[in-house]
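K.L.:
When you get a sec, could you give me coordinates for this:
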Amino acid sequence: MNLQQLRYVAEVAERNLNVSEAARALHTSQSGVSRQIGLLEEELGLDVFVRQGKRLVAITQPGEEVLAIARRMLRDIGALRQVGEEYASGELGRLTIATTHTQARYVLPDILPAFMRQHPGVKVALHQGNPTQCCEYVVSGEADLAIATEAIDDFDLLVSLPCYQWNRSLIVAPDHPLLDVKPLTLAAIAAWPLITYDFSFTGGSSVNRAFAAKGLKPNVMLSAIDADIIKTYVALGLGVGIVASMAFDETVDRNLRAVDCSHLFPASTTRIGLHRNAWLRGYTYAFIQSFAASLTRDVVDAALGRRA
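P.N.:
Have a look, this model is predicted:
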């Protein structure tokens, strides 16, 4: 048994059991991949994959266990390499952040410039997606951390670090009748066509639950992942919008008005998600604390179970 065999098994699983695609990704031959997987199965005395002829069609139950161990070992090997790189290159490296549009557009611009000035040798990459996709990027090793409001707690392999709370605002045209409704109610909002986040994205499900708790079904005319798109269609008169309060800027959004909705919806908590087995570079700790001052290195290590 060797690491090459574990890498081949993991890559085939990652490529939906397509051996030829796995071989291309690994820069080797299809026959070589098949042979190494066969040797591993022979040594283990079990089949990792179910076959129909020469084609792999499923992963066996023991194969799932093998894959889990293989992925963990490969991640640990990657962490060992990172330890070497940390001491060899100092502040040189790459930080990949998986995050939602709201965080990328309205929060990170206040944080990343200072971080990049302080760590000029670190290249930063942003992977944007919905909360579930962001978590999957971290679990697969494609990202170092996820920043999202939902989904992180749903992944057993992730540690969830709370950062800050936020709420929502109603966005309307300057002359909209809802501006005269005081106090604003969910029933009043439900009477108008609604434009808001897709319910699978940050905050959307909280909005949906709040309406449902009052026995209301909002007339969602359009849903989007992007607050700027929501504001654009509100300005076009297609409906009223609900967005994260941080997404409204009085100077930029002069053609719209915002009404605080913190009395209508529960506050949401933005969190950072880290892989439980991740080894973090020094600049990763620095970024985390720049995003949330309370998340010191000691706090992060304690959450990862590395310090009492």
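K.L.:
CA only for contacts and neighbour counts going forward, please
P.N.:
Fine.
K.L.:
who's in contact with stretch 206-224?
P.N.:
Residues from elsewhere that reach stretch 206-224 (Cα atoms under 8 Å, 6 or more residues apart in numbering): 186-187, 189-199, 230, 238-239, 264-266.
K.L.:
actually stretch 57-66, not the one I wrote
P.N.:
13, 17, 46-51.
K.L.:
would you list every one of the helices in the stretch 51-200 of the chain?
P.N.:
Secondary structure of the stretch 51-200 of the chain by DSSP state H, counting those that start in this stretch: the helices cover 61-89, 101-102, 112-118, 131-140, 186-190.
K.L.:
Quick check: which of those is nearest to Asp253?
P.N.:
helix 101-102 (15.9 Å; Cα to Cα).
K.L.:
What's the mean pLDDT across the closest one?
P.N.:
The pLDDT scores in helix 101-102 average 89.
K.L.:
That helix packs against which elements?
P.N.:
The contact analysis (3 or more Cα pairs under 8 Å, 6 or more residues apart in numbering; DSSP states H and E) places helix 101-102 against no helix or strand.
K.L.:
contacts for it?
P.N.:
By Cα under 8 Å, 6+ apart, helix 101-102 touches 128-129, 225-227, 244, 247.
K.L.:
Kindly indicate which of these lies nearest Tyr164.
P.N.:
Ala244 (13.1 Å).
K.L.:
burial measure for the closest residue to that closest one other than its chain neighbours, as a count.
P.N.:
Nearest residue to Ala244, sequence neighbours excluded (Cα to Cα, 6 or more residues apart in numbering): Arg168, at 4.3 Å. Per other Cα atoms under 10 Å, the neighbour tally for Arg168 reads 25.
K.L.:
Low-confidence ranges, this protein, go.
P.N.:
79-91, 199-204, 306-308 (pLDDT under 70).
K.L.:
domains for it, by residue range?
P.N.:
Residue ranges for the domains of the chain, per automatic domain parsing: 3-83, 90-164+270-303, 168-266.
K.L.:
Would you map the helices across the stretch 201-308 of the chain?
P.N.:
204-213, 227-235, 282-291, 297-303.
K.L.:
follow-up on the earlier one: got a list of what the residue nearest to Ala244 touches?
P.N.:
Counted by Cα under 8 Å, 6+ apart, Arg168 has contacts 242-245, 260-262, 265.
K.L.:
filter the residues you listed to the buried ones?
P.N.:
242-245, 261, 265 (16 or more other Cα atoms under 10 Å).
K.L.:
Go through the contacts of Arg168 and say which is closest to Leu280.
P.N.:
Ala244 (30.3 Å).
K.L.:
residues touching the closest one, list them.
P.N.:
Going by Cα under 8 Å, 6+ apart, Ala244 touches 102, 166-169, 227.
K.L.:
at 7 Å what do you get?
P.N.:
Residues in contact with Ala244 (Cα atoms under 7 Å, 6 or more residues apart in numbering) are 167-169.
K.L.:
same check, this time on Gln165
P.N.:
With Cα under 7 Å, 6+ apart, Gln165 has these contacts: 267-270.
K.L.:
Which one (most neighbours) among the residues you listed?
P.N.:
In terms of neighbour count, Thr270 stands highest of the contacts of Gln165 at 21 neighbours, by other Cα under 10 Å.
K.L.:
Pairing-wise in the sheet, spell out the partners of that residue.
P.N.:
Tyr164 (DSSP bridges).
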